[in-house]
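Visitor: Provided below are the primary sequence and the corresponding predicted coordinates.
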Amino acid sequence: MSRRRVRADTTRRALRALLRDTFGLRRLRPGQQEVIDRVLAGQPTLAVMPTGAGKSLCYQLPALMLPGRTVVVSPLIALMKDQVEGLRSLGVAAVQVNSANDADDAKAAEAAVADGSARIIMTTPERLADPAFIDLLRAHPVSLLTVDEAHCISHWGHDFRPAFLEIGAVAARLGKPCVLALTATATDEVAADICQQLGIPADGVVNTSVYRPNLDFRVVPVAREADKLAQVLKVVQGTEGSGIVYTATVKAAQAVHEALLAADVAAGLYHGKLPAAERHAMQEAFMAGERRVMVATNAFGLGIDKPDIRFVLHYQLPATLEAYYQEAGRAGRAGRDGEPARCTLLFLRGDKAIQQFFMAGRYPTEEDAAAVVDALQQPPPDGAGWTLPLLQGRLARARGKLQVALGLLRKSKVVTQAKDGTLRLLRRAADLRLQDLTDEYGRKRDLDREALERMVFYAQTGQCRWRVLLDHLEGEAPFERCSHCDNCRRIAAHEAVVEELLRNAPAAEEEQQEAGEAPALARGDLVEVRRYGRGVVEEATALQVTVVFSDRARRSFLPEYVRKANAGPRSSASRKGPASAGKARAPKDRRSAAA
């Protein structure tokens with residue numbers, strides 16, 4: 001047996017022992033073994049895995065086997081808190097470093113990072129971009145850099161945060177550890193962008209299906225804003241178990257929360273403008289079951305490990321199908337225990353404008369970059385040096401836009417940033433082609449508009465909703481219908497009615513013929529006419545029936561020459577088609593010709 005084979009067998013035995021003794025599990029789920037094997041072999045990997053597939057274990061197990069420590073970058077503090085507490089309960093030395101820590105917790109966490117006792121370090125992308133924190137991490141070797149919710153790192157992702165753009169550069173400063181990117185959704189474009197930014201090869205993607213048959217998708221169209229609150233109450237009061245109501249704006253979250261409280265529903269409220277302590281208390285109450293419903297913006301919920309969520313309701317239209325799928329049925333929420341969960345979207349056409357407004361302020365233009373360069377050429381107002389807050393005050397532009405613009409300028413070696421955060425211009429404005437730097441964001445704006453149109457299509461389509469989602473997320477759905485979304489149920493009910501009518505049609509026709517009556521026809525009836533075959537009734541009177549045929553031709557006939565089609569095979573004239581039409585006997589009355 002080769003040495004490589006012996007090492008692999010030894011590693012597998014150690015892995016199984018850790019899985020059993022530390023995590024209390026007997027076996028890995030599909031996809032986990034492949035990801036973990038790649039990480040332990042030092043191979044950069046992007047894992048696209050659905051909720052319940054165990055993405056967290058893909059870095060937690062290797063973290064206990066690799067010689068150095070593991071740094072986990074996560075976009076949400078709530079996710080970190082749950083995971084760190086869970087790891088500590090298993091005896092794993094894990095810490096979180098983020099803005100939510102109080103002074104004592106922050107001091108203890110940074111001490112564990114500095115002395116090397118922390119095996120797993122969870123932090124935000126914003127903190128990871130801090131030069132002082134990077135120096136703290138470099139004090140001891142880092143074996144694995146994990147990027148959770150990795151779709152955020154992509155220029156084409158739906159949850160854009162400028163600090164994610166810095167992770168690739170930070171990896172180099174940390175000594176180029178193995179990189180593991182984790183996400184629940186990634187289109188081909190997003191996956192390619194993640195791989196490009198983090199140095200993951202094209203063959204380093206492990207992708208499992210996102211289809212979850214326990215999720216029931218449905219859309220409820222509403223005509224007015226005032227109708228929405230009534231629909232929220234109907235869903236919440238008509239569904240047992242815990243649930244989340246997502247809104248796109250803080251104002252809407254507050255309105256929904258007040259309406260639920262007025263209806264005696266135990267509801268919590270969570271959004272980015274609340275104090276950290278209040279957000280923490282609301283999350284704890286929801287997790288403990290003291291609040292049955294959480295009303296929240298998308299700042300809440302990714303990775304929350306609460307298995308009994310029975311419904312997720314979207315009060316306003318999300319920006320993309322990726323965002324909707326993440327919030328409705330993924331990231332450790334709806335139906336994680338395998339039981340059915342209802343995912344409902346309230347669709348008001350006017351909600352599209354909300355997302356269009358957000359898009360308008362998301363990406364920097366050439367004018368934004370030029371404004372930054374012009375400002376940096378001037379003496380700073382405090383005489384000490386330009387910083388992001390000073391630029392924001394001077395230029396009166398959104399902080400996110402300026403962060404992205406500065407990231408582009410730093411990447412192009414136009415601007416440099418010192419450890420204390422001060423900014424300095426390296427090249428003269430006359431030497432710059434700022435349009436070249438910002439062109440990619442013009443393309444991103446176009447892609448965002450297309451993504452929003454796909455989201456609107458999902459809300460309005462009559463097709464299987466799972467099929468629309470899978471066609472977008474995976475390129476192709478394995479089925480025509482899922483049979484458990486609202487559209488599939490509607491189609492099945494319609495087909496059942498049609499089949500029943502077709503089965504009863506011959507008997508009804510015989511009764512009418514025996515009574516000397518012509519069969520009654522109505523708009524939409526499937527009928528058959530000798531010589532012309534099958535068609536659909538467009539208009540029917542006592543004197544004339546107008547039929548639309550498959551070639552879109554409209555022809556009018558006397559009622560006695562038109563009969564309802566039954567569920568059996570077509571007449572021979574219909575099967576033979578136009579070529580044999582001359583052999584069929586034409587109606588005797590001249591009015592049976594096309595009108």
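Guide: Cool, got the structure.
Visitor: residue contacts, A369?
Guide: Going by Cβ atoms under 8 Å, 6 or more residues apart in numbering, A369 touches A405, L408, L409, L434, L437, T438. Placement of C-beta: from N, CA and C, glycine included.
Visitor: by neighbour count, which of these wins?
Guide: Comparing the contacts of A369 by number of neighbours (other Cβ atoms under 10 Å), A405 comes first, having 29 neighbours.
Visitor: show me what the helix or strand where it lies is packed against.
Guide: If you go by DSSP states H and E, A405 is part of helix 399-411. Helix 399-411 sits against helix 366-376, helix 388-395, strand 415-417, helix 434-460, with contacts defined as 3 or more Cβ pairs under 8 Å, 6 or more residues apart in numbering; DSSP states H and E.
Visitor: now do the third one: distance to the chain's middle.
Guide: In other words, strand 415-417. Between the centre of strand 415-417 and the centre of its chain there are 34 Å (Cα atoms, centre = their mean, to the nearest Å).
Visitor: which elements pack onto that strand?
Guide: By 3+ Cβ pairs under 8 Å, 6+ apart, strand 415-417 packs against helix 399-411, strand 423-425.
Visitor: what's the mean pLDDT across the last one?
Guide: I take that to be strand 423-425. For strand 423-425, the mean per-residue pLDDT is 87.
Visitor: show me what that strand is packed against.
Guide: Helices and strands touching strand 423-425, by 3+ Cβ pairs under 8 Å, 6+ apart, are helix 366-376, strand 415-417.
Visitor: my read: T365 touches Y441, true?
Guide: Yes: contact criterion Cβ atoms under 8 Å: T365 and Y441 qualify, at 7.5 Å.
Visitor: any stretches of the stretch 251-400 of the chain with poor pLDDT?
Guide: Scanning the stretch 251-400 of the chain for pLDDT under 70 picks out 301-305, 330-338.
Visitor: where exactly do the helices run in it?
Guide: Secondary structure of the stretch 251-400 of the chain by DSSP state H, counting those that start in this stretch: the helices cover 276-287, 321-329, 352-360, 366-376, 388-395, 399-411.
Visitor: tabulate the CA atom coordinates of the second one in CSV.
Guide: What that stands for is helix 321-329. The C-alpha trace of helix 321-329 is given here as CSV (Å, rounded to 0.1, in the frame of the first residue of the first chain):
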residue,chain,number,x,y,z
LEU,A,321,-34.4,35.2,-7.3
GLU,A,322,-31.2,34.3,-5.4
ALA,A,323,-32.2,36.7,-2.6
TYR,A,324,-35.7,35.3,-2.5
TYR,A,325,-34.6,31.7,-2.4
GLN,A,326,-32.0,32.5,0.3
GLU,A,327,-34.6,34.2,2.5
ALA,A,328,-37.6,32.0,1.8
GLY,A,329,-36.2,28.5,2.1
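Visitor: buried ones in it?
Guide: By neighbour count on 16 or more other Cβ atoms under 10 Å, the buried set for helix 321-329 is L321, E322, A323, Y324, Y325, Q326, E327, A328, G329.
Visitor: which helices and strands does it pack with?
Guide: Helix 321-329 packs on strand 215-221, strand 309-314, strand 341-347, helix 434-460, helix 465-474, going by 3+ Cβ pairs under 8 Å, 6+ apart.
Visitor: let's go with 6 Å and repeat that
Guide: Helices and strands touching helix 321-329, as assessed by 3 or more Cβ pairs under 6 Å, 6 or more residues apart in numbering; DSSP states H and E, are absent.
Visitor: just the shortest one next, same as before
Guide: Using 3+ Cβ pairs under 6 Å, 6+ apart as the contact test, the elements touching helix 388-395 are helix 366-376, helix 399-411.
Visitor: got the contact list for the longest one?
Guide: Residues outside helix 399-411 that contact it (Cβ atoms under 6 Å, 6 or more residues apart in numbering) are P162, L165, P364, D368, A369, V372, L391, Q392, V415, L437.
Visitor: now stretch 127-142: how far from the chain's centre is it?
Guide: Mean-position distance between stretch 127-142 and its chain equals 31 Å (Cα atoms, centre = their mean).
Visitor: next, the distance between the ends of it.
Guide: Start-to-end span of stretch 127-142 (Cα to Cα, to the nearest Å) is 16 Å.
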